[in-house]
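>>> please find the sequence and the predicted model below.
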Amino acid sequence: MSKRPDLRYERRFWKTGLGAIAGVDEAGVGPMAGPVVAAAVIFEPESFIKGVHDSKQLTPERRDELFPLIRAKAMAVGVGVAGPGEVDELNIYWASMLASERALAALARIPDHVLVDGRLIPNLKLPQTKIVGGDRKSFCIAAASIIAKVTRDRMMVEYDAAYPGYGFANHKGYCTADHFAALSALGPTPIHRRSFAPVMEATQRKLF
């Protein structure tokens, strides 16, 4: 069992008098369909929820259990989305950064400091600290990873109803064998990322 996230990073800033520390993380960088979704979460100092972990370390059922607990206990939660068209226009890195900026802008309170997973957010006008593997180390980043993942997964279930036959409710837009088979047979949907090679190839096959 991997070590659980804790409050060590948050406490470094709480001890200096900064009360609003936001954790930021995103979900949906790797899929070939659907949006990239980021979340930002702020808790009162010393707030903690047992079981919060990097969303990838949790089952879907456990994420669904923790999701309302995080929203109820957090001082503020913000969600930002960058759609497939923005992924194609900007590339996935800049679309992820845009979603993160939107998540922070959606917070009901301006953070005193931002903790981000892995890489700094360019042009952010708030003080920030990157933590490599932050979703496995920082409680507020791990909480953000759960909010982002559950929010995106629920969006993909809705897309499954809008675009039947692709299996979006199951694979959530990731590059599975079933998804490749559906893409080859049916062609791309409006939520497919046309800048991603498999989608680009499927689009060209449908044109000729």
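That came through fine. Numbers count the residues shown, from 1 in each chain.
>>> so how far is residue 10 from residue 125?
Using C-beta to C-beta, to the nearest Å, residue 125 is found at 21 Å from residue 10. Placement of C-beta: from N, CA and C, glycine included.
>>> now the helices for the protein?
For the chain, the helices defined by DSSP state H occupy 8-14, 60-73, 84-90, 92-105, 139-162, 168-171, 177-186, 197-207.
>>> tell me which of those helices sits most buried.
Stretch with highest mean neighbour count among the helices of the chain: helix 139-162 (a mean of 23; mean count of other C-beta atoms under 10 Å).
>>> so for that one, what's the average pLDDT?
The pLDDT scores in helix 139-162 average 98.
>>> next one: stretch 178-190
pLDDT averaged over stretch 178-190 gives 95.
>>> okay, and for the protein, where does confidence drop off?
Applying pLDDT under 70 to the chain flags the ranges 1-2, 205-208.
>>> again, 80 this time
1-2, 203-208 (pLDDT under 80).
>>> redo the helices of the chain as TSV? Include distance to residue 46.
Formatted as TSV, the helices of the chain follow (distance: least, C-beta to C-beta, whole Å):
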stretch	distance to residue 46
helix 8-14	8
helix 60-73	12
helix 84-90	37
helix 92-105	22
helix 139-162	10
helix 168-171	38
helix 177-186	43
helix 197-207	46
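>>> which one of those helices lies closest to residue 40?
Residue 40 sits nearest to helix 92-105 of all the helices of the chain, at 4.1 Å, using C-beta to C-beta.
>>> give the other helices and strands that the closest one contacts.
Helix 92-105 is packed against strand 21-27, strand 36-42, strand 76-82, helix 84-90, with contacts defined by 3 or more C-beta pairs under 8 Å, 6 or more residues apart in numbering; DSSP states H and E.
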